[in-house]
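In: Pasted the sequence and its predicted model underneath.
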Amino acid sequence: MFFTGNLRKIPLPHFFLTTFLIFVIPGNRVVSVESERLLIVFTANNNGQLLDCGCNTEYPGGLPRRLTAINNLRKEYGEILLLEGGDFLGTTDVVLQNKFVMDAYDFLKYDGIAFGEQEFWNEVPFFENEILGRKQSFVCTNINSSNVKDQTKGRIIRKIKVIKNGYKLNIFALLHKNSFLYFPDNKIPSFQFEDVKRHLRSELKKVNDHSSLNIVIYHGDHWIFEELKKEFSEIAIWLIGHEPGNLLDSWQESSKPVIVQSGTDGESLELVEVSKSDKGKLFFNVKRLYLTEEIVPDVELKKSLEEYYNIINVPFKLKN
Ligand SMILES: [Zn+2]
């Protein structure tokens, strides 16, 4: 892990925190310890895209390019927190395409994956087998999953509690039922998405640790979000899926609560850098990292996704 010397506009204490501290320990061995800095990487609204999204020639996006960018950030920061905000799958009845997205997500190694309504478009057997059947960390604070079938029971957790780079984090995920309003009746899932406020309040009560940073991934309409933001002042960071939004592509300091909306079709990564002064004051910097042409797509993942286009005319049979 190396200090990269980014000459961006950052507050002075933050600048000092990003440098190495050098310690001399007995035996004349010099070790360097990077001071606490945490990078949160957020994606949402991939909408089933596999290779270049075709949505913007300047920022072609695509999952193999996303993997390269994430690997580069892992090299730069060491440990990162990688979170997904939902609608990673497309509203396509070609289930094979969505299966390939899931395969790609196995490469990306998320710390937490929240659902959008689009993950239910291919209906319950697909959700249970091709999504919950994966060894991934799925999080939804307000799902009633009592009717999930036995072999995938317990695959959805209410919150993620994790320590990264010395930061204690509680990660919650809300999927608002209004997100399903455009679904045809025959596609409405049998799972219930319960009251977001009640479930977030009840999970927050269980936390009881004021030194933790609370992060919520919210998937739903903005007017509900406005209410949530007012009511839950203890949330430090809101990561928003479903409705895309703007974020500058250079680092900007943000005060609490930090609010980050994603791009439109997987053409970017949203970054939140958290750092701490020696008195414990937190600093937040945010930026959008566009997945431009210059980012070379990961060769192995690209090859694996190209398979989809080779077999696209062959019907995909879902295994039970
Ligand atoms: Zn959505």
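Out: Perfect, thanks for sending it.
In: Hmm, residue 143 and residue 155 touching each other?
Out: No: Residue 155 is beyond contact range of residue 143, at 11.0 Å (criterion: CB atoms under 8 Å). (Glycine included, C-beta is placed from N, CA and C.)
In: out of the two, which sits in the more crowded spot?
Out: Per other CB atoms under 10 Å, whichever of residue 155 and residue 143 has more neighbours is residue 143, with 21 against 17.
In: thought that one was touching residue 191?
Out: Yes: shown here, residue 143 and residue 191 form a contact pair, counting by CB under 8 Å, at 5.9 Å.
In: Got phi/psi on residue 104?
Out: Phi and psi for residue 104, reported as degrees, to the nearest 10, are phi -70, psi -40.
In: So that it lines up with my notes, have the first residue be 9 from now on.
Out: That works, and once the first residue is 9, the last one we named lands at residue 112.
In: Who's the closest spatial neighbour of it, skipping the chain neighbours?
Out: residue 71 (4.2 Å; CB to CB, 6 or more residues apart in numbering).
In: can you tell me the residue of the stretch 9-158 of the chain closest to the ion?
Out: residue 124 (3.7 Å; CB to the ion).
In: can you list the residues of this protein near the ion?
Out: Those residues of the chain that sit near the ion, judged by CB under 5 Å from the ion, are 95, 124, 125, 187, 250.
In: Give me the neighbour count for the residue nearest to residue 260 when sequence neighbours are not counted.
Out: Leaving out its chain neighbours, the residue that sits closest to residue 260 by CB to CB, 6+ apart is residue 294, at 5.7 Å. Close neighbours of residue 294, defined as other CB under 10 Å, add up to 20.
In: so how far is the helix or strand encompassing residue 90 off the chain centroid?
Out: For residue 90, the host element (DSSP states H and E) is strand 88-92. How far strand 88-92 lies from its chain's middle: 5 Å, per CA atoms, centre = their mean, to the nearest Å.
In: repeat for stretch 105-125
Out: 10 Å.
In: And it, what's buried?
Out: Of the residues in stretch 105-125, 105-113, 115-116, 118-125 count as buried by neighbour count, 16 or more other CB atoms under 10 Å.
In: related to what we said a few turns ago, run through the bridge partners of the residue nearest to residue 260.
Out: Residue 294 has these beta-bridge partners by DSSP bridges: residue 260, residue 280.
In: how about it, what does it touch?
Out: Residue 294 sits next to 255, 259, 260, 262, 266, 268, 278, 279, 280, 281 when contact means CB atoms under 8 Å, 6 or more residues apart in numbering.
In: export these to JSON lines and tack on pLDDT, neighbour count and distance to residue 192?
Out: Formatted as JSON lines, the contacts of residue 294 follow (pLDDT from 0 to 100; neighbours: other CB atoms under 10 Å; distance: CB to CB, whole Å):
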{"residue": "255", "pLDDT": "93", "neighbour count": "20", "distance to residue 192": "33"}
{"residue": "259", "pLDDT": "97", "neighbour count": "16", "distance to residue 192": "43"}
{"residue": "260", "pLDDT": "97", "neighbour count": "15", "distance to residue 192": "41"}
{"residue": "262", "pLDDT": "96", "neighbour count": "18", "distance to residue 192": "39"}
{"residue": "266", "pLDDT": "98", "neighbour count": "20", "distance to residue 192": "36"}
{"residue": "268", "pLDDT": "98", "neighbour count": "23", "distance to residue 192": "31"}
{"residue": "278", "pLDDT": "98", "neighbour count": "23", "distance to residue 192": "31"}
{"residue": "279", "pLDDT": "98", "neighbour count": "20", "distance to residue 192": "37"}
{"residue": "280", "pLDDT": "98", "neighbour count": "22", "distance to residue 192": "36"}
{"residue": "281", "pLDDT": "97", "neighbour count": "21", "distance to residue 192": "42"}
